[in-house]
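K.L.:
fold the following and give me the result.
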Amino acid sequence: MPTGTQTPLEGWEKAYAATPERDVPFTTLSAEPIRPLYTGRDLPEADQIGLPGQYPFTRGVYPSMYRGRMWTMRQFAGFGTAEETNERFHYLIEHGQTGLSTAFDMPSLMGHDSDHPRSLGEVGREGVAVDSVEDMETLFDGVDLGDVTVSMTINAPAPIMLAYYVVAAQEAGIPADRLGGTIQADILKEYIAQKEWCFPIDPAMRFLGDMIEWCAPNMPRWHPVSISGYHIREAGSTAAQELAFTLKDGLTYVQEAVDRGLDVDDFAPRLSFFFNAQIDFFEEIAKYRAARRIWARELKETFGAKNPKSWLMRFHTQTAGVSLTAQQPLNNIVRTAIEALAGVLGGTQSLHTNSYDEALALPTEDAVRIALRTQQIIAHETGVTNTIDPLGGSYFVEALTDRLEEQAYGYFAKIDELGGMVQAVKQNYPQREIADASFQLQCEIDDGKRIVVGVNRFTEGDDEQTPILRIDPALERKQIDRVQAVRARRDAAPVEQALATLREQAARPDVNLMPALIDAARLRVTEGEIVHALQDVWGSYTESPVY
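P.N.:
Numbering: from 1, shown residues only. Sure thing, here's the model as predicted:
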């Protein structure tokens, strides 16, 4: 190089020094500000990036990724009674959806039957009401459960709902080992963020462990827990908190299963994850890449997993419900498209796109169709599936990936100091961290430091009333009559014996409860009856206040 000639990097450093500072929000809060430019100096070691389908899977869990198989388009659906949701399922399948995702109503999520006093006004409002195996049979009527994968978003009573699903499938001639899909069942996340529980933490962990243990030999195509950061993020966490708390929950479930004597390679390949896709585009992509790398390293090095499938973090993504605005709701179509693209570029295995009207009510069919078409446009028109991990090697993305990984391990260390994730939850540590982050975010919005289009800036425009889906109040009475009719026509003596068996076995931590749950499901024992029987032994849970 001739004397006096500047290198490109030296030129950049001079320009960078003259760049005026600008306050760029960065949602991980504790991170250093985003710099105006990133260079090769910010790239990690080559073995940290690797290749798709190779350890540590930073660039994707499969060698061919979307060139080999597209992500599953799995739209979340559920409202009213099982009949109404079954109609929506068939509508979505007819419009190109490739997997079903079930939303349950609040009473079902909390373990109450539809005729329980606390269910009043909530039956079928935020999801479908499922009280017994008969509702489960109606829900999937006409759906080949041996062919279509199904996701069920339910946590505290997840083993009960899985028992209903297994019995409904068996009575349709489909054995449990043919069933493919996921049940969420992430109970720690409930105490951290979503707040839907039935039992104290310790017996709830035992309940989940029973289901994981039973599924390992009996449902090889089933994911018995979907470790969920989605609701942690919806509660107001940062990306780093979502990453750290979700992974630590997952590692805790692995330890629970190992402590039961299971070989990690017998169940780890069936674990899956569920992440939020927020609006900070590059940060979300980096979050998914860091998550894959951390999970692979911990399963291989900490738990000694030998099967490469145990190292794979496969995850579902849903666009951020909390990012949707009731003001100018059509803007939400744009938000959802950007968030969905982040999920795709981050390497998700399945994706749900929110409907633009969900800040107002349950989505209408028109809004659901637009949400599904958003995925199809990304898949078939944008060209982003033509090459694998197109952002791999980006100075900025790789630097963000490293930064988020570093922050996650910082949280891991703090949680370990507290005695592990269960003890940290009991001490309200993740709850306080999320509350602080949520408060800071809202302050930034209220002060105008963080712009939300149509809410605190650019508020002028068309705000005509958006048509919304209204649930017929008569459906609640219909569901109450249904569950009461189920109780009236069954044989009372076997039901009482089944409940007595559940109480007896719940008091014995060495007994797996899944066979007894399946027997109870066949007898048409309702969810509320099962939950109350277990609460007779385990008690219930009251959260201590967090300030």
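K.L.:
show the subsequent helix or strand relative to the longest helix seen in the chain.
P.N.:
Assignment by DSSP state H gives helix 395-417 as the longest helix of the chain. Of the helices and strands lying after helix 395-417 in sequence (DSSP states H and E), the nearest is helix 421-426.
K.L.:
what residues sit buried inside that following helix?
P.N.:
For helix 421-426, the neighbour count (16 or more other CB atoms under 10 Å) marks 421-422, 424-426 as buried. Glycine gets a C-beta too; all of them are placed from N, C-alpha and C.
K.L.:
and the angle from the helix or strand just after it to helix 395-417?
P.N.:
In the C-terminal direction, the helix or strand that comes right after helix 421-426 (DSSP H and E) is helix 429-446. Counting by axes from the mean of the first three to the mean of the last three CA atoms, to 10 degrees, helix 429-446 lies at 140 degrees to helix 395-417.
K.L.:
coming back round to it: export the buried residues of helix 421-426 to a markdown table and append columns for pLDDT.
P.N.:
As requested, these are exported to a markdown table (pLDDT from 0 to 100):
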| residue | pLDDT |
| --- | --- |
| 421 | 97 |
| 422 | 96 |
| 424 | 97 |
| 425 | 96 |
| 426 | 95 |
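K.L.:
look up how far residue 257 lies from the residue lying closest to residue 418 once chain neighbours are set aside.
P.N.:
Nearest non-adjacent residue to residue 418, counting by CB to CB, 6 or more residues apart in numbering: residue 424, 4.4 Å away. Here residue 424 is placed at a distance of 19 Å from residue 257 (CB to CB, to the nearest Å).
K.L.:
and stretch 230-243, how far from the chain's centre?
P.N.:
In terms of CA atoms, centre = their mean, to the nearest Å, the centre of stretch 230-243 is set 11 Å apart from its chain centre.
K.L.:
ok, back up a step: any idea how far the residue nearest to residue 418 is from residue 237?
P.N.:
For residue 424, the distance to residue 237 - CB to CB - is 14 Å.
K.L.:
average pLDDT across stretch 74-91?
P.N.:
On average, the pLDDT along stretch 74-91 is 85.
K.L.:
quick check: buried residues in that stretch?
P.N.:
Those would be 74-82, 84-86, 88-89, for stretch 74-91 by 16+ other CB under 10 Å.
K.L.:
next step: those residues restricted to helices.
P.N.:
Those of the buried residues of stretch 74-91 lying in helices (DSSP H): 82, 84-86, 88-89.
K.L.:
what ranges does the stretch 101-250 of the chain have for its helices?
P.N.:
Ranges of helices in the stretch 101-250 of the chain, per DSSP state H, counting those that start in this stretch, are 106-110, 133-139, 158-171, 187-189, 201-218, 230-234, 239-259.
K.L.:
of all the buried residues of helix 421-426, which comes closest to residue 349?
P.N.:
In terms of CB to CB, no member of the buried residues of helix 421-426 lies closer to residue 349 than residue 421, at 24.5 Å.
K.L.:
so that closest one makes contact with residue 186?
P.N.:
No: taking contacts as CB atoms under 8 Å, residue 421 lies outside contact range of residue 186: 11.6 Å.
K.L.:
quick check: neighbours shared by those two?
P.N.:
residue 249 (CB atoms under 8 Å, 6 or more residues apart in numbering).
K.L.:
and the furthest pair within the buried residues of stretch 74-91?
P.N.:
74 and 81 (21.9 Å).
K.L.:
now the residue nearest to residue 218 when sequence neighbours are not counted: how far from residue 214?
P.N.:
If the residues on either side of it in the chain are set aside, residue 218 comes closest to residue 176, at 5.3 Å by CB to CB, 6+ apart. Remark: distance between residue 176 and residue 214 (CB to CB) = 10 Å.
K.L.:
kindly format the C-alpha coordinates of the longest helix of the chain as PDB.
P.N.:
What follows is helix 395-417, C-alpha atoms only, in PDB (Å, rounded to 0.1, in the frame of the first residue of the first chain):
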ATOM      1  CA  TYR A 395     -21.400  -7.300  11.700                       C
ATOM      2  CA  PHE A 396     -24.400  -5.900  13.500                       C
ATOM      3  CA  VAL A 397     -26.400  -9.100  13.800                       C
ATOM      4  CA  GLU A 398     -23.500 -11.100  15.100                       C
ATOM      5  CA  ALA A 399     -22.500  -8.400  17.600                       C
ATOM      6  CA  LEU A 400     -26.100  -8.300  18.900                       C
ATOM      7  CA  THR A 401     -26.200 -12.100  19.100                       C
ATOM      8  CA  ASP A 402     -23.000 -12.100  21.200                       C
ATOM      9  CA  ARG A 403     -24.400  -9.300  23.400                       C
ATOM     10  CA  LEU A 404     -27.700 -11.000  24.100                       C
ATOM     11  CA  GLU A 405     -25.900 -14.300  24.900                       C
ATOM     12  CA  GLU A 406     -23.600 -12.500  27.400                       C
ATOM     13  CA  GLN A 407     -26.600 -10.900  29.100                       C
ATOM     14  CA  ALA A 408     -28.400 -14.200  29.300                       C
ATOM     15  CA  TYR A 409     -25.500 -15.800  31.100                       C
ATOM     16  CA  GLY A 410     -25.400 -12.900  33.500                       C
ATOM     17  CA  TYR A 411     -29.000 -13.700  34.400                       C
ATOM     18  CA  PHE A 412     -28.200 -17.400  34.700                       C
ATOM     19  CA  ALA A 413     -25.400 -16.600  37.300                       C
ATOM     20  CA  LYS A 414     -27.900 -14.500  39.400                       C
ATOM     21  CA  ILE A 415     -30.500 -17.200  39.300                       C
ATOM     22  CA  ASP A 416     -28.000 -19.800  40.300                       C
ATOM     23  CA  GLU A 417     -27.000 -17.600  43.200                       C
END
